[in-house]
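> I would like the atomic coordinates for the input below:
(chains A and B)
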Amino acid sequence: MPDIAPFLKSLISVSGLSGYETPAAALIEEKWRPLVDEITRSRLGSLHGLKRGGAGEPRPSILIATHMDAIGLMVTQIVDGLLRVTAVGGVDARILPGTPVIVHATGGGGRDELPGMAVQPPGRTLPESVGSDPVPLEHLLVDVGLLPSKVAGLVRVGDLVSFDTAPADLSGEVLSGHSLDNRASVAALTVALEELQPRAHAWDALAVASVQEEVGLVGAQTSAFGLHPTLAVAVDVTFAKGPGANDWQTFPLGKGPTLGWGPNIHPFLHKTLKDLAEKLEIPVSVEPMPRHSGTDAYALQVAAEGIPTAVISIPLRYMHTPVEAVAVKDVQRAGRLLAAFIAGLEVDFVEKIVWEES
Amino acid sequence: MKSLIQKLTETFSPSGYESAIRDVVRAEVEPLADEVRVDALGNLIVRKGNGSGQGRRIMLAGHMDEIGLIASHVDENGFVRFTTIGGIRPQVLHGARVVFVNGARGVIGGERYENWNQMHPYDKMFIDVGAASAKDCPVRVGDVAAFERAFLDMGDKLVAKSMDDRIGVAVMVETLRQLKSTPHEVYFVFTTQEEVTLGGAATAAFGVDPEIGVSVDVTATGDTPKGEKMEVSLGKGPAVKIKDGGMLADPRIVDWMIRSAESAKIPYQREVLLGGTTDAKAMQVARAGVPAGCLSIPCRYIHSPSEMVEYNDVQNAVKLLVAMLSAPVSLD
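Residues are numbered from 1 along each chain as shown, chains lettered A, B, ... in the order given. Model prediction:
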């Protein structure tokens, strides 16, 4: 199996915030182009790779959604040369002070990438109500180290600020960096496409790198309507065990992906994936998702007339921080499981679906 | 245009009960449009232009509904308890006057305060419609009401209830009036139920199936004492939305607005709004997705009975929309 780590590292070395995914999309498009028969963009920018199946027309299709957008920051005000910011997606502000960032400045006529730091002002300048708690995002600043007059000429309200933490290999098996949520899943889907190259599959496989998941599942909702697949799987990240985490809401890092289970997930698809994982000796955990799965699956399931949907998740530590961490093995495993699932879909799979709710 | 704004803001139509305002808007747009229809959810859909060559199908959305109250109980003495339609904060309710859709008027009172430093929640307030018993109370459970507050012309600044979003409606009506010709097939959609679910815009966008969506709505400002931490001010031009609490405007729509403003020398502001959203959010996710954005009218004291806008910003918003719709659009 080809090593996916270098591609994943390249994916977490670029920005690509929600609504502005082009830097990530360009890398993914280049990687997928030789692996699929056709590649297009949706009207909102989601990448659609089509790998045609061998069955006759009309051919059923399975959509695999992996969102490519990343969380980050956006400039709301410029105060004495320092930037106030708001979050694009759910940013964990507790860990922001001290984080290296890039300000994508548009005020200078072009696009300038200004290195900067997320900083917190001295405690005595903050309202008393902050006390010794972590400083909320509304009080944090981004410093690009330029004179106020220069900043005023370069940076505008609405400019993006992305994390600039470099990828780090931890112990040779764990990769740390920003935007692993959800570029790790894009890498898993890429593994699946590579695995499918020599294999026959009856169904059309629709590989989707969706936009704007972090701000409301916008890409998945619209791509599902546009592509109208027979089945769908969302691949995303979930909470891995880490310091202080309990055993019943988190999943071990490096011990395989999780299979979501709950009202957002079709029981028959879940069972098929679980049986398949057992057969292939891929370790998996079952992840209860009592309501919203917190993934693109929530939008996929109710698109058009409704789409039977499953969720596969890769355990990840320190979610929505600039130092997320995943085990590369889990990424490979999720990809292998996906490929086997797609290849195993028989033409009449949908007719065989039965509701077995246990 | 001030008399149009007065007429629109002095009409009472909370979400779900838009027929009064729809009649007012319809009378204004009928002589100007190529086609007028009302859809199943009450949206007023007004087409101008046929789209030719490079023309696009563009949907503009300005919502007709306003925030309001709905009666939830009438007690034996005729006092009416209520809940809210849309985002009304209790702070703006004490002493307010309201008008029910059936014409009944009322004032809002509250239970005796135990602690004057703590604002009453809604369930400690009631509407007094001047009744003496449940029997002679003109209001029934489920009747809806809106603020009563006269339009106020301060010269440069205009104040009224329901500027959100009758000012957007006014901008669209005036744009339709001034738009001499367009290469596009433009749907001016006066939407329902924005304040509760964006339901009108969502369904109208499914029906119209536009290639581009632009909402016209109000945005908050940061120009009042210790106000919001945001850059938008009254009087510095209409605001081009980049982000709000519910969506990221499509960067191609942002560019289109800014290019149009700069080439027509119309002042504009860049808007990042921390809370709230508009019909653009619903248009963006309609069908297979629609590149969508919002042209905002800066407005102070949103969701109060005295929402304030600057007349210049309103006129510049019309100019900008006319400029945007008069020329071909490239989204590359």
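> When you work out contacts or count neighbours from here on, use the C-alpha atoms and nothing else.
OK.
> who touches residue A:339 in this structure?
A:192, A:193, A:195, A:196 (CA atoms under 8 Å, 6 or more residues apart in numbering or on different chains).
> And the helices in the stretch 101-250 of chain B, which stretches?
B:163-178, B:199-208 (DSSP state H, counting those that start in this stretch).
> The stretch 201-350 of chain A too?
Using DSSP H, counting those that start in this stretch, helices in the stretch 201-350 of chain A cover A:218-227, A:267-280, A:297-301, A:328-344.
> Turn these into a markdown table, columns for distance to residue B:257.
A markdown table is the format used below for the helices of the stretch 201-350 of chain A (distance: least, CA to CA, whole Å):
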| stretch | distance to residue B:257 |
| --- | --- |
| helix A:218-227 | 22 |
| helix A:267-280 | 46 |
| helix A:297-301 | 30 |
| helix A:328-344 | 42 |
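> hang on, the earlier thing: of the helices of the stretch 101-250 of chain B, flag the one that's most buried.
Per-stretch averages of neighbours, counted by mean count of other CA atoms under 10 Å in any protein chain shown, single out helix B:163-178 among those, with a mean of 25.
> okay, now the domains of chain A?
A:5-70+A:178-352, A:72-163 (automatic domain parsing).
> quick one: which of these is nearest residue B:113?
domain A:72-163 (26.9 Å; CA to CA).
> That closest one and chain B, are they touching?
Yes. Domain A:72-163 reaches chain B (CA under 8 Å from any CA of the partner chain) through A:76, A:77, A:86, A:157, A:158.
> and those residues as JSON lines, adding pLDDT?
Listed next are these as JSON lines, based on pLDDT from 0 to 100:
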{"residue": "A:76", "pLDDT": "97"}
{"residue": "A:77", "pLDDT": "95"}
{"residue": "A:86", "pLDDT": "97"}
{"residue": "A:157", "pLDDT": "97"}
{"residue": "A:158", "pLDDT": "97"}
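> so which of the residues you listed is the most crowded?
Most neighbours among these, by other CA atoms under 10 Å in any protein chain shown: residue A:76, with 27 neighbours.
> Show me which residues of the stretch 101-250 of chain B sit near chain A.
Proximity of the stretch 101-250 of chain B to chain A, by CA under 8 Å from any CA, involves residues B:229, B:230, B:231, B:242, B:243, B:246, B:247, B:248, B:249, B:250.
> 7 Å instead, please
Residues of the stretch 101-250 of chain B lying close to chain A (CA under 7 Å from any CA of the partner chain) are B:230, B:231, B:242, B:247, B:248, B:250.
> Do I have it right that the second one meets residue A:75?
Same thing as residue B:231. No. Applying CA atoms under 7 Å, one finds residue B:231 not in contact with residue A:75, separated by 10.3 Å.
> give me the number of residues near residue A:311?
Counted with other CA under 10 Å, residue A:311 comes out at 31.
> ok, what's across the strand from it?
residue A:234 (DSSP bridges).
> Can you tell me the element residue A:121 falls in?
Residue A:121 belongs to no helix or strand when assigned by DSSP states H and E.
> Contacts only, for it.
residue A:140 (CA atoms under 7 Å, 6 or more residues apart in numbering or on different chains).
> Tell me who's in contact with the residue nearest to residue B:181 when sequence neighbours are not counted.
Once flanking residues are discounted, residue B:181 sits nearest to residue B:326: 6.4 Å by CA to CA, 6 or more residues apart in numbering or on different chains. By CA under 7 Å, 6+ apart, residue B:326 lies in contact with B:181, B:182, B:183.
> For those, give me a markdown table that also has neighbour count, pLDDT and distance to residue A:44.
Compiled in a markdown table, these are given as follows (neighbours: other CA atoms under 10 Å in any protein chain shown; pLDDT from 0 to 100; distance: CA to CA, whole Å):
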| residue | neighbour count | pLDDT | distance to residue A:44 |
| --- | --- | --- | --- |
| B:181 | 13 | 93 | 29 |
| B:182 | 21 | 96 | 25 |
| B:183 | 20 | 96 | 23 |
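> can you tell me which residue is nearest the centre of chain A?
residue A:182 (1.8 Å; CA atoms, centre = their mean).
> Mean confidence (pLDDT) on stretch B:76-85, please.
Averaged across stretch B:76-85, the pLDDT comes to 97.
> Run a quick neighbour tally on residue A:125.
Other residues close to residue A:125 by other CA under 10 Å number 8.
> And residue B:231 and residue A:75? Which one has more around it.
Taking neighbours as other CA under 10 Å, residue B:231 and residue A:75 compare with residue A:75 leading, 25 against 18.
> hang on, the more buried one packs against residue A:160?
Yes. Residue A:75 is within contact range of residue A:160, at 6.4 Å (criterion: CA under 7 Å).
> picking that back up, which one of the contacts of residue B:326 sits closest to chain A?
Comparing the contacts of residue B:326 against chain A with CA to the nearest CA places residue B:183 closest, at 21.2 Å.
> show me what contacts the closest one?
Residue B:183 is in contact with B:49, B:51, B:52, B:55, B:326, B:327, B:328, counting by CA under 7 Å, 6+ apart.
> Please tell me how far the last one sits from chain A.
According to CA to the nearest CA, to the nearest Å, residue B:328 stands 18 Å off from chain A.
> again with the fourth one
Counting by CA to the nearest CA, the gap from residue B:55 to chain A is 17 Å.
> ok, that residue - contacts?
When contacts are counted by CA under 7 Å, 6+ apart, residue B:55 touches B:183, B:184, B:185, B:328.
> run the last query once more with 6 Å
When contacts are counted by CA atoms under 6 Å, 6 or more residues apart in numbering or on different chains, residue B:55 is found next to B:183, B:184.
> Quick one: residues contacting residue B:151.
Contacts of residue B:151 by CA under 6 Å, 6+ apart are B:6, B:159, B:160.
> give me the number of residues near the residue nearest to it when sequence neighbours are not counted?
Closest residue in space to residue B:151, ignoring its immediate chain neighbours: residue B:160 at 4.6 Å, by CA to CA, 6+ apart. Other residues near residue B:160 come to 26 when the count uses other CA under 10 Å.
> now swap in residue A:13 and tell me
Using other CA under 10 Å, residue A:13 has 19 other residues around it.
> ok, now how distant is it from chain B?
Note on residue A:13: its distance to chain B, by CA to the nearest CA, is 22 Å.
> Provide the secondary structure category for that residue.
Following DSSP: H, G, I helix; E, B strand; the rest coil, residue A:13 is assigned to coil.
> per-residue confidence for it?
In this model, residue A:13 is scored at 98, pLDDT.
> For the stretch 151-300 of chain B, give the residue positioned nearest to chain A.
residue B:288 (4.2 Å).
> Might one say that that residue is in contact with residue A:225?
Yes. The criterion here is CA atoms under 6 Å, and residue B:288 meets it with residue A:225 at 5.3 Å.
> Take the helices of the stretch 201-350 of chain A and lay them out in CSV including mean pLDDT.
Shown next, in CSV, are the helices of the stretch 201-350 of chain A (pLDDT from 0 to 100):
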stretch, mean pLDDT
helix A:218-227, 98
helix A:267-280, 97
helix A:297-301, 97
helix A:328-344, 98
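> Which among the ones you listed is found nearest to residue B:67?
helix A:218-227 (26.8 Å).
> Tell me which residues are up against the closest one.
Against helix A:218-227 from outside (CA under 6 Å, 6+ apart): A:210, A:211, A:212, A:296, A:299, A:300, A:303, A:304, B:285, B:287, B:288, B:289.
> and which of these is nearest to residue B:71?
For the contacts of helix A:218-227, the nearest to residue B:71 is residue B:285 (33.5 Å; CA to CA).
> got a list of what that closest one touches?
residue A:222.
> Give me the domain ranges for chain B.
B:2-66+B:161-326, B:68-147.
> Can you tell me the closest non-neighbouring residue to residue A:329?
residue A:254 is the one closest to residue A:329 (CA to CA, 6+ apart), at 6.3 Å.
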